[in-house]
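Colleague: Generate coordinates for the sequence data below:
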Amino acid sequence: MPLSATSHTGHHPLIFMVAGEASGDLHGANLVRALKKELPEVSIYGIGGPRMRAAGLHSVYAAEKLAVVGLTEVFAHLKDVWLAWQRAKEFFLKKTPSLFIPIDYPDFNLRLAALAKTQKVPVLYYISPQIWAWRQQRVKKIARLVDEMAVILPFEKDFYLRHGVKATFVGHPLLDVMPPFQTTEEPIIGLLPGSRVSEIKHILPVMLHTAALIHRERSDLKFILPVAPTLNPTWLKTFVSKYQPELPITLCKNNYKAIQRCCFLLVASGTATLETAILLKPFVIIYRLSPLSYILGKMLVKVPYIGLVNWVAGKKIIPEFIQDEARPETIAQTVLDTLAHPEKIRQIKEDLSIIRANLGSPGVAQRVAQIAKRILER
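Modeller: Residues are numbered from 1 along each chain as shown. Purely as a prediction, here's the structure:
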């Protein structure tokens with residue numbers, strides 16, 4: 001694409017942003033809008049998805065082509081990653097942005113940060129890679145390449161400061177997109193097995209079996225399965241009827257309204273655990289991988305908990321059922337036991353409201369835009 005932006009040798013700031021995943025695209029879009037509000041003269045270029053482009057990002061490469069998960073899928077995407085890298089590199093060398101804002105996506109973004117460093121372009125990293133969980137040695141690289149981290153989990157700030165990296169806790173960007181509290185609950189249990197086919201295949205059968213056991217004891221409860229936009233509803237319907245044809249379960253659109261209706265949820269480890277927590281819903285965390293991925297993961301990842309909620313709390317407030325411990329009988333018993341004791345539910349909601357408060361307050365994108373403005377004025 002033609003590169004026609006003012007470099008920072010002119011008066012108008014030129015910001016380059018990169019987000020490689022769908023969640024990065026959502027939070028990146030909010031940041032693009034906030035930057036335009038703080039800096040009306042700004043031009044924003046980079047690599048983003050449909051939301052960032054709609055918000056006003058001039059895209060040099062489409063992020064949709066980059067989002068991959070798992071070691072095997074990466075190889076098929078190498079060409080796209082290489083092309084995206086070439087476009088970004090060409091932009092940096094021709095235009096020299098005034099500021100580089102990487103959003104998560106560490107392998108790509110840290111390489112680009114190294115290039116930014118040689119061009120004397122400041123780097124404001126938004127949404128830290130989870131290096132506190134695995135590959136902690138990368139913090140040395142970040143300390144060398146990044147001017148400031150805008151972190152979204154409270155414990156990340158201390159982690160970075162300990163390693164000599166300037167860090168500001170801006171709050172969790174989910175707070176900008178989540179609806180306010182609402183209390184009307186129905187006797188519905190929600191199943192959130194993840195948004196990827198590989199996750200569904202490992203986790204949904206466990207959830208469906210658990211749901212069937214719960215239904216046997218509590219026939220008053222209904223079940224919903226919100227369908228992630230990345231999944232094919234027809235395929236999912238067939239999958240469900242194959243495992244539990246008798247279960248009264250409704251497939252519905254995956255949005256926060258669906259979660260708000262539930263009185264309890266079974267949730268796969270990931271962002272959904274935080275979303276459920278922010279909505280103050282009692283839940284359990286279920287996670288299963290292929291045996292090989294699990295063994296590899298255990299070797300690489302050194303964490304006391306798999307759920308971000310428990311990380312933020314610093315203790316296990318939500319039960320976790322991982323790999324061989326993810327047995328439907330045990331999970332169903334835990335859910336039924338919790339539902340039978342209103343004081344347990346009250347305690348969970350109380351713990352979750354403390355977590356919600358610890359995640360900061362809305363206005364996250366605006367705070368990041370203000371840091372960007374401060375760096376540019378320097």
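
Colleague: show me where the stretch 1-150 of the chain has helices.
Modeller: 22-38, 50-55, 71-76, 78-95, 106-118, 138-145 (DSSP state H, counting those that start in this stretch).

Colleague: in this structure, which residue is closest to the centre?
Modeller: residue 271 (4.6 Å; C-alpha atoms, centre = their mean).

Colleague: okay, that residue: pLDDT?
Modeller: At residue 271, the pLDDT value in this model is 83.

Colleague: and what of residue 134?
Modeller: Reading off the model, residue 134 has pLDDT 65.

Colleague: Could you list the alpha-carbon positions for the helix or strand hosting residue 259 in PDB?
Modeller: With the criterion set as DSSP states H and E, the secondary-structure element containing residue 259 is helix 256-261. Output in PDB follows, covering the C-alpha atoms of helix 256-261 (Å, rounded to 0.1, in the frame of the first residue of the first chain):
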ATOM      1  CA  TYR A 256     -22.700 -10.500  27.900                       C
ATOM      2  CA  LYS A 257     -26.500 -10.700  28.100                       C
ATOM      3  CA  ALA A 258     -26.300 -14.400  27.900                       C
ATOM      4  CA  ILE A 259     -23.900 -14.600  30.800                       C
ATOM      5  CA  GLN A 260     -26.000 -12.200  32.800                       C
ATOM      6  CA  ARG A 261     -29.000 -14.500  32.600                       C
END
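
Colleague: Show me how far it is from its chain's centre.
Modeller: 18 Å (C-alpha atoms, centre = their mean, to the nearest Å).

Colleague: for stretch 169-181, same thing?
Modeller: Shown here is stretch 169-181, whose average C-alpha point lies 12 Å from the average C-alpha point of the whole chain (C-alpha atoms, centre = their mean).

Colleague: re earlier: now, of the helices of the stretch 1-150 of the chain, which is deepest in the fold?
Modeller: For those, ranked by mean neighbour count under the definition mean count of other C-beta atoms under 10 Å, the leader is helix 22-38 at a mean of 22. No exception for glycine: its C-beta is placed from N, CA and C like everyone else's.

Colleague: Tell me which other helices or strands that helix touches.
Modeller: Applying 3 or more C-beta pairs under 8 Å, 6 or more residues apart in numbering; DSSP states H and E, one finds that helix 22-38 contacts strand 14-19, strand 43-48, helix 50-55, strand 99-103, helix 174-177, helix 364-377.

Colleague: now these as CSV including distance to residue 242 and mean pLDDT?
Modeller: As requested, the helices and strands packed on helix 22-38 are arranged in CSV below (distance: least, C-beta to C-beta, whole Å; pLDDT from 0 to 100):
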stretch, distance to residue 242, mean pLDDT
strand 14-19, 36, 97
strand 43-48, 38, 96
helix 50-55, 33, 95
strand 99-103, 38, 97
helix 174-177, 33, 92
helix 364-377, 41, 97
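
Colleague: between those, which one is nearest to residue 142?
Modeller: Proximity to residue 142, assessed across those by C-beta to C-beta, is greatest for strand 99-103 (10.4 Å).

Colleague: and the angle from that closest one to helix 106-118?
Modeller: On the basis of axes from the mean of the first three to the mean of the last three C-alpha atoms, to 10 degrees, strand 99-103 is oriented at 170 degrees to helix 106-118.
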